[in-house]
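Asks: Any chance you could fold what I've pasted below:
(2 chains)
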Amino acid sequence: MTVQIQVKNVSKIFGSKPKSAIPLIKKGLSKEEILKKTNHTVGVYDATFDINKGEVFVIMGLSGSGKSTLIRCFNLLNKPTDGSILLDGQDITKCSKDELKKVRQEKIAMVFQHFGLFSHRTILANVEYGLEIRNIPKEKRREIAQQNIETVGLKGYEDKYPDELSGGMQQRVGLARALTNDPDILLMDEPFSALDPLIRREMQLELLDIQERLQKTIIFITHDVNEAFRIGDRVAVMKDGHVEQVGTPEEIIANPANEYISEFIKDIDRSKVFQASHIMTKPNALVSSKDGLNVAIKEMRENGISSVFVVDRSRRLQGIVTIDDAIQGIKEKKSLGDIIRKDITIVNEEEYINDLIPKALESSFPLAVVNEDKKLVGYILRVHVLSGLTSDDVNESEEYVY
Amino acid sequence: MFTALNTLKKERYILLFSAVIMLMISFPDITFEAGKYVDDLVSFLADNLEALFDFIFFVTSRSISGLTDFLMIIPWWLFIIIIFLLGWYFKSIFSGVLYGIFIFLIGSFGLWEEMMITISIILTAVIICLIIGIPLGVAMAFNKWVSMILRPILDAMQTMPSFVYLIPAIFFFGLGNVSAIFATLIYSLPPVIRLTDLAIRGVDKEVVESAQSFGSSRWQTLSKVQLPQALPTIMAGVNQTTMMALAMVVIASMVGASGLGEQVLVSINRIDIALGFEAGISIVFLAIIIDRITNGIAEKVQRRGGNK
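Replies: Modelled structure (predicted):
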């Protein structure tokens, strides 16, 4: 994974003489103290983090936490008062006017909370705007714009005006317009906040879809914890201009850096964040399909368990054998293949707990967790599913033996 | 003894006090003849920038007479049809018919030529207003210094009684239509400047940001986004300016503008109630037509504009 954007000690201060507050920040004074002493507002306070190529990086915080100020630093709509932002190694805070124009035209595009569409232009003219100002010939930009309009599913609306479209559709136009520039980085400033919940959910899924296909680096702003954790590969939590914690959603939930963050994530729906792979237990006993029943019984006895998964040579799941069946089988001189049970529930390691709950209830055996190659990677007991939903450490149930 | 002295002292104080009061009541003998300096400035400009004023005079008078000639070439029925169509397109068919009747009535008063002259004066004034006013408005929106300097000047232009600047107008351009245009400009320029400034600053911040975020240059942002988004409000300014220009036609006639305003002046001099009414109502008709049509244009633009 390569780092695409490096944010180094970025501060943004608003006021008549912003630079004068920088020494105070270096000294470590708080936002309130600086406001009292110098009458300057600190928008972003000494932020440092990296963003990897191709990831969805979510900046989350309540209103006034500086997240919108921070995202505007990435394309210099806000010029950071101090610090540097390296974009593929190039410090954009030191760009000349023309270099900055080039960066904005080719590398980075933005989607806005209230769409920021040009109401005097048709959808097509909106989408091709980025190319128009680069003086790309009309036919060519029409063609590229058309493709992107189709990507976001607005074919047939090219000649409409923004005010003739619903909010969700308008934001699709905003997305298409940003994609038309074919940027490496997509900045999204609370893009779905103005949409109603159903449409928001739909747009989130679609964004992940587009992301999968196009592999852009996306910096996404939101105040909604659930949205942040649903779509973010990594999340930065901001408060009062400070970046409080950066990590994957699971890391943040498992180890919140401070009181504020634990409070923040309290009402998150954990069942939609944690996946099977986070709560499963790695199997310490396995039986190969070529083994005899004796081996199976021995494995179960040694590990004190009442059933064991059967896998083939490449660890692909074949079925399960219970201790009762195995003992019975030995008496009746049956082979492993005869008594193997196939009625187990198999789940993918990327499935969310939310989806596991009904499966765990229905299955009489532990859930078998497989990866993309159908190889067995772990198992989940009902109790794992439940403990995954509480805020205690999810790995505590590991010693549980069945 | 002691008390007597005290009363004497008291009286002295009262005397001194009343003398001071007397001094404070009437303005001291300090004179500053600001008007004289302005007078000197005007003569200085008239003497030294003669070539410039002659050039402005030439261009303006030529465009007014050219416009009048053009309007006079149009047959009367065609002109009425054009007004009808404009009214129909921008308002409704009823308005179109009404405006056509208005124009016909003005013609029937025997004021056809005067009407055409008035229209050309107004058109010329409005076009010059837009050429000067829109860039100034944009400059005001972008630069707070320009705004700080222009604001009081605009206030002065709007509140200074119009007769006051008719005098220097004669100095610069002599009696006639050009002086009238000059006076009209001073009166009707402020709204278009103010509303352009307001309109540009009123464009949604996110819309401007989104234009910038695609790497637009300043000129591209202005011409492709800010001005089109501001257009409805600017059009409201154009409407205001046109109406104020029309309001000036009678006053402008005092420096020799011909047209309907001149007829009003004539009727005052002759105490001719009939002519006064006819010329006056003609101005009202023109005002209604111009106001409704420019308003209609503004509304058409509004539908697609940004400032809602």
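
Asks: Quick one: residues contacting the residue of the stretch 251-400 of chain A found nearest chain B.
Replies: Chain B sits closest to A:Phe264 of the stretch 251-400 of chain A, with a gap of 26.8 Å, by Cβ to the nearest Cβ. (Each C-beta comes from the backbone N, C-alpha and C, glycine too.) Contacts for A:Phe264 were tallied using Cβ atoms under 8 Å, 6 or more residues apart in numbering or on different chains; they are A:Val225, A:Val237, A:Pro256.

Asks: and if we set it to 7 Å?
Replies: Remark: with contacts taken as Cβ atoms under 7 Å, 6 or more residues apart in numbering or on different chains, A:Phe264 is in contact with A:Val225, A:Val237.

Asks: tell me which strands and helices the lengthiest helix in chain A is in contact with?
Replies: Counting by DSSP state H, the longest helix found in chain A is helix A:197-214. On a contact count with 3 or more Cβ pairs under 7 Å, 6 or more residues apart in numbering or on different chains; DSSP states H and E, helix A:197-214 meets helix A:167-180, helix A:225-231.

Asks: what's downstream of the lowest-mean-pLDDT helix or strand in chain B, the next helix or strand?
Replies: Scoring the helices and strands of chain B by mean pLDDT, DSSP states H and E places helix B:2-25 at the bottom, with a mean of 76. Elements were assigned by DSSP states H and E; along the chain past helix B:2-25, the next helix or strand is helix B:34-48.

Asks: right, and the helix or strand after that following helix?
Replies: Counting by DSSP H and E, the element that comes right after helix B:34-48 along the chain is helix B:50-73.

Asks: so what's the closest residue to A:Leu367 other than its chain neighbours up against?
Replies: Distances taken as Cβ to Cβ, 6 or more residues apart in numbering or on different chains place A:Ile380 nearest to A:Leu367, at 4.3 Å, with adjacent residues excluded. If you count contacts by Cβ under 7 Å, 6+ apart, A:Ile380 has them with A:Ala276, A:Ile279, A:Met280, A:Leu356, A:Ala360, A:Pro366, A:Leu367, A:Val369.

Asks: In strands only, show me those residues.
Replies: Using DSSP state E to define strands, the subset of the contacts of A:Ile380 located there is A:Leu367, A:Val369.

Asks: Would you format the contacts of A:Ile380 as CSV with pLDDT and neighbour count included?
Replies: Formatted as CSV, these follow (pLDDT from 0 to 100; neighbours: other Cβ atoms under 10 Å in any protein chain shown):
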residue, pLDDT, neighbour count
A:Ala276, 82, 28
A:Ile279, 82, 25
A:Met280, 84, 22
A:Leu356, 83, 26
A:Ala360, 82, 19
A:Pro366, 84, 23
A:Leu367, 85, 24
A:Val369, 88, 27
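
Asks: Make a markdown table out of the contacts of A:Ile380 and add distance to B:Phe104.
Replies: Listed next are the contacts of A:Ile380 as a markdown table, based on distance: Cβ to Cβ, whole Å:
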| residue | distance to B:Phe104 |
| --- | --- |
| A:Ala276 | 85 |
| A:Ile279 | 88 |
| A:Met280 | 90 |
| A:Leu356 | 84 |
| A:Ala360 | 88 |
| A:Pro366 | 95 |
| A:Leu367 | 90 |
| A:Val369 | 89 |
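
Asks: How is chain A partitioned into domains?
Replies: Annotated domains of chain A cover A:54-72+A:95-274, A:277-399 [automatic domain parsing].

Asks: ok, and what's touching stretch B:74-87?
Replies: Against stretch B:74-87 from outside (Cβ under 7 Å, 6+ apart): B:Ser95, B:Gly96, B:Val97, B:Tyr99, B:Gly100, B:Ile103, B:Phe104, B:Gly107, B:Trp112, B:Ile289, B:Ile293.

Asks: secondary structure element for the first one?
Replies: In this case it means B:Ser95. Element membership for B:Ser95 (DSSP H and E) is helix B:93-108.

Asks: What is the neighbour count of A:Asp240?
Replies: Using other Cβ atoms under 10 Å in any protein chain shown, A:Asp240 is surrounded by 16 other residues.

Asks: distance of it from A:Gly28?
Replies: Using Cβ to Cβ, to the nearest Å, A:Asp240 is found at 14 Å from A:Gly28.

Asks: Centre of the chain to stretch B:216-227, how far?
Replies: Here the centre of stretch B:216-227 is set off from its chain's centre by 28 Å, with Cα atoms, centre = their mean, to the nearest Å.

Asks: buried stuff in that stretch?
Replies: Going by neighbour count (16 or more other Cβ atoms under 10 Å in any protein chain shown), the buried part of stretch B:216-227 is B:Ser216, B:Gln220, B:Thr221, B:Leu222, B:Lys224, B:Val225, B:Gln226, B:Leu227.

Asks: Turn these into TSV, including secondary structure, pLDDT and distance to A:Ile297.
Replies: Below are these laid out as TSV (DSSP: H, G, I helix; E, B strand; the rest coil; pLDDT from 0 to 100; distance: Cβ to Cβ, whole Å):
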residue	secondary structure	pLDDT	distance to A:Ile297
B:Ser216	coil	91	75
B:Gln220	helix	92	79
B:Thr221	helix	93	78
B:Leu222	helix	93	83
B:Lys224	helix	91	79
B:Val225	helix	92	77
B:Gln226	helix	93	81
B:Leu227	helix	92	85
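
Asks: about what we covered before: which is the next helix or strand following the helix holding B:Ser95?
Replies: Following helix B:93-108 toward the C-terminus (DSSP H and E): helix B:112-142.

Asks: Counting by contacts, list what that next one packs against.
Replies: By 3+ Cβ pairs under 7 Å, 6+ apart, helix B:112-142 packs against helix B:50-73, helix B:144-159, helix B:177-201, helix B:227-247, helix B:260-270, helix B:273-302.

Asks: Deepest in the core, which of the ones you listed is it.
Replies: Highest mean neighbour count among those (mean count of other Cβ atoms under 10 Å in any protein chain shown): helix B:177-201, with a mean of 25.

Asks: what's the helix or strand for the nearest residue to A:Asp91 once chain neighbours are set aside?
Replies: Once flanking residues are discounted, A:Asp91 sits nearest to A:Ser84: 4.8 Å by Cβ to Cβ, 6+ apart. Taking DSSP H and E as the definition, A:Ser84 sits inside strand A:82-87.

Asks: for that strand, which positions count as buried?
Replies: Neighbour-count burial for strand A:82-87 flags A:Asp82, A:Gly83, A:Ile85, A:Leu86, A:Leu87 (criterion: 16+ other Cβ under 10 Å).

Asks: for stretch B:161-180, same thing?
Replies: Quick answer for stretch B:161-180 (16+ other Cβ under 10 Å): B:162, B:165-166, B:168-170, B:172-173, B:176-180.

Asks: Out of those residues, which are close to chain A?
Replies: For chain A, no contacts are drawn from those by Cβ under 7 Å from any Cβ of the partner chain.

Asks: wait, what's in contact with the residue most central in space within chain A?
Replies: The centre of chain A sits closest to A:Gly232, judged by Cα atoms, centre = their mean, with a distance of 1.8 Å. Contact analysis of A:Gly232 by Cβ under 7 Å, 6+ apart lists A:Val56, A:Phe57, A:Val58, A:Phe220, A:Pro249.

Asks: Correct me if wrong: the fourth one contacts A:Met188.
Replies: Yes: at 4.7 Å, A:Phe220 counts as touching A:Met188 under the criterion of Cβ atoms under 7 Å.

Asks: about what we covered before: is it true that the residue nearest to A:Asp91 touches A:Ile92?
Replies: No: with contact defined as Cβ under 7 Å, A:Ser84 does not count as touching A:Ile92 (8.2 Å).

Asks: For the residue nearest to A:Gly61 when sequence neighbours are not counted, give me the pLDDT.
Replies: In this structure, A:Gly61 finds its nearest non-sequential neighbour in A:Met238, 3.5 Å apart by Cβ to Cβ, 6+ apart. For A:Met238, the model assigns a pLDDT of 91.

Asks: how far away is A:Leu175 from chain B?
Replies: For A:Leu175, the distance to chain B equals 12 Å [Cβ to the nearest Cβ, to the nearest Å].
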